[in-house]
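*Asks:* Can you look at this prediction? I've put the sequence above it.
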Amino acid sequence: MKLFDVYPLFDVNIVRGKGCKVWDDKGQEYLDLYGGHAVISIGHSHPHYIEKVTEQVSRLGFYSNSVVNKLQVELAERLGRICGYDDYQLFLINSGAEANENALKLASFTNGRTRVLSAEKAFHGRTSLAVEVTNNPKIIAPINDNGHVTYLPLNDLPAWEAELAKGDVCAVILECIQGVGGIKLATEAFAQGLAAACKKYGAILICDEIQCGYGRSGKFFAHQWLGIRPDIITVAKGIANGFPMGGVLISPEFKPVYGQLGTTFGGNHLACAAALAVLDVFEEEHLVENAHEVGEYLIGALKDLRTEELKSKGSSHITDVRGRGLMIGIDLDIPHKDVRQPLIFQEHCFTGCAGTNILRLLPPLCLSKAEADLFIEKLKKTL
């Protein structure tokens with residue numbers, strides 16, 4: 001058997017990591033400004049994480065959700081306190097797509113409706129409902145294209161209000177910072193107006209915090225910059241630092257019903273141990289605060305680089321820099337592959353991308369200012 005070839009791969013075999021650096025099988029060191037698609041939150045191979053995961057797997061890796069799992073209870077209590085939603089309820093699954101599937105399913109169970117509003121350029125996952133609310137026809141199979149979704153421009157509040165006023169919208173799903181969509185930020189006025197309209201017309205507001213949440217924006221959740229409190233919040237990626245896990249944070253207004261939602265692997269003992277270790281490190285090393293401080297520093301340095309190039313050369317390949325915390329987009333006037341390729345193979349630095357001309361930075365939240373400076377030097381040489 002061979003692998004089903006759906007991933008365009010860089011010819012690099014990463015075998016080891018530590019903090020914000022990784023190494024390939026030839027011993028070459030790389031600076032990691034992508035964190036494996038925003039998954040690595042506390043840094044590669046953090047010693048506390050290794051200790052806690054090793055301890056747990058040596059005792060019990062898995063048992064089903066038919067018995068008490070006190071690690072789930074501890075995770076719910078600690079996550080609620082740390083993120084500011086201690087009155088919400090937690091449902092644990094295995095991935096971001098699963099989190100969004102269950103959020104949309106719960107919304108429809110609650111109000112009996114089937115129509116969803118999603119943003120243009122949104123990405124919410126690749127499974128059934130999650131892919132249908134993703135604004136990319138190339139990955140929506142005919143079996144997923146069921147006419148449930150209306151896509152609207154981000155920050156165009158009147159357009160969203162007009163659709164909500166029709167009275168048939170089940171849910172609104174929103175990334176407050178779009179990831180795959182190119183680090184586009186929802187505005188405070190839009191988010192607050194949208195939340196009010198959802199409440200007025202009986203629609204459920206779901207904030208997809210799978211990429212922009214879990215401390216990445218410099219607050220625990222990106223929507224917390226905007227002064228809203230959604231009905232449902234979905235999380236994954238950084239929740240367990242690479243161990244597959246997702247979660248749905250659910251308002252106390254929703255009442256659980258036995259059998260309504262379910263999962264085999266979700267919230268297993270090993271996943272919970274990994275997620276608890278992540279919260280330990282968040283608190284001990286102040287990683288949310290670090291994401292804010294170092295993110296602001298890096299955004300400022302990138303803008304300074306553009307200004308410096310404009311002054312010295314009269315032009316810059318950087319046309320815009322935007323983001324919050326350690327979720328940063330760099331617009332280029334050339335294809336991103338012309339920058340990413342030499343960054344990887346000459347400067348030994350990983351970044352992400354969006355569209356055709358945007359570099360996307362999603363480093364571990366432990367990134368230091370010295371490592372941010374090193375990235376600026378590597379990018380400067382490449383440009």
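*Replies:* That came in fine, so what should we check first?
*Asks:* tell me the SS of residue 311?
*Replies:* helix (DSSP: H, G, I helix; E, B strand; the rest coil).
*Asks:* Can you report how many residues neighbour it?
*Replies:* 9 (other CB atoms under 10 Å). C-beta: built from backbone N, CA, C; applies to glycine.
*Asks:* cool, the one 3 residues further on as well?
*Replies:* Burial of residue 314, expressed as a neighbour count using other CB under 10 Å, amounts to 7.
*Asks:* ok, which stretches of the stretch 101-250 of the chain are helices?
*Replies:* With DSSP state H, counting those that start in this stretch, the ranges of helices along the stretch 101-250 of the chain come out as 128-132, 157-164, 188-201.
*Asks:* Redo those as a markdown table? Include distance to residue 181 and mean pLDDT.
*Replies:* Listed next are the helices of the stretch 101-250 of the chain as a markdown table, based on distance: least, CB to CB, whole Å; pLDDT from 0 to 100:
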| stretch | distance to residue 181 | mean pLDDT |
| --- | --- | --- |
| helix 128-132 | 15 | 97 |
| helix 157-164 | 16 | 98 |
| helix 188-201 | 15 | 98 |
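*Asks:* Tell me which of those sits most buried.
*Replies:* Of the helices of the stretch 101-250 of the chain, the one with the most neighbours on average (mean count of other CB atoms under 10 Å) is helix 128-132, at a mean of 21.
*Asks:* Who are the packing partners of that helix?
*Replies:* helix 96-111 (3 or more CB pairs under 8 Å, 6 or more residues apart in numbering; DSSP states H and E).
*Asks:* again, only using 10 Å
*Replies:* helix 96-111, strand 115-119, strand 169-174 (3 or more CB pairs under 10 Å, 6 or more residues apart in numbering; DSSP states H and E).
*Asks:* Kindly reformat the ones you listed as CSV and extend each row with mean pLDDT and distance to residue 262.
*Replies:* Conversion of the helices and strands packed on helix 128-132 to CSV gives the following (pLDDT from 0 to 100; distance: least, CB to CB, whole Å):
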stretch, mean pLDDT, distance to residue 262
helix 96-111, 98, 9
strand 115-119, 98, 22
strand 169-174, 98, 20
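*Asks:* Deepest in the core, which of these is it.
*Replies:* Counting by mean count of other CB under 10 Å, strand 169-174 has the highest mean neighbour count of the helices and strands packed on helix 128-132, with a mean of 26.
*Asks:* That one pairs with which strands, parallel or anti?
*Replies:* strand 115-119 (parallel), strand 204-208 (parallel) (DSSP bridges).
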